[in-house]
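>>> coords below, sequence missing:
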């Protein structure tokens, strides 16, 4: 069992930056691939970024490529999402998730085994 807790969300102006963190407890993070997803009001949950256990494989949604960077620090049991050049359409609740198939960086939400509670990101004009 893995517990995931996100932090770092908040209110930011368009063009600004935020860094989200997701801390894992219960099991060591290096046993999992990790992903970030988001859900905006009235929309379905969508994939943002993913990273495998050794950071040798990452994947990004087209909408965030070049602006967001996923990384991890296994010693700290933490995964990060650095978000730059934020846009109004990035407003959503952001969730981190853990995938026990640690070697991949999948965008398929149904393949993730554990989920955090989410952190709100609001981008204003």
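That came through, no problem. This structure is a prediction, so every number in the text was calculated from the model and none was measured. Residues are numbered from 1 along each chain as shown.

>>> At the geometric centre of this protein, which residue do we find?
Most central in the chain under C-alpha atoms, centre = their mean is residue 36, positioned 2.4 Å from the mean C-alpha point.

>>> Give me the three-state assignment for that residue.
Applying DSSP: H, G, I helix; E, B strand; the rest coil to residue 36 yields a three-state assignment of strand.

>>> Which helix or strand contains the residue nearest to it when sequence neighbours are not counted?
Leaving aside its sequence neighbours, residue 36 sits nearest to residue 48 (C-beta to C-beta, 6 or more residues apart in numbering; 4.2 Å). Using the backbone N, CA and C atoms, a C-beta is placed for each residue, glycine as well. If you go by DSSP states H and E, residue 48 is part of strand 46-51.

>>> Parallel or antiparallel, which strands does the helix or strand residue 4 falls within pair with?
When elements are assigned from DSSP H and E, residue 4 belongs to strand 3-7. Next to strand 3-7 in the sheet, as set by DSSP bridges, lie strand 18-25 (antiparallel).

>>> Can you give the contact residues for the partner strand?
Residues from elsewhere that reach strand 18-25 (C-beta atoms under 8 Å, 6 or more residues apart in numbering): 2-10, 12, 32, 34, 36, 76-83, 86, 94, 96, 98, 116, 119, 121.

>>> Narrow those to those that are buried.
2, 4, 6, 8-9, 12, 32, 34, 36, 77-81, 83, 86, 94, 96, 98, 116, 119, 121 (16 or more other C-beta atoms under 10 Å).

>>> Figure out the length between the terminal residues of stretch 30-48.
End-to-end span of stretch 30-48 (C-alpha to C-alpha, to the nearest Å): 20 Å.

>>> do stretch 98-109 as well
End-to-end for stretch 98-109, by C-alpha to C-alpha: 10 Å.

>>> Buried by neighbour count: which residues of it qualify?
So, applying 16+ other C-beta under 10 Å, buried residues of stretch 98-109: 98-99, 102, 104-107, 109.

>>> how about the strands in this structure?
For the chain, the strands defined by DSSP state E occupy 3-7, 10-13, 18-25, 33-39, 46-51, 58-60, 68-73, 78-83, 92-99, 114-115, 119-124.
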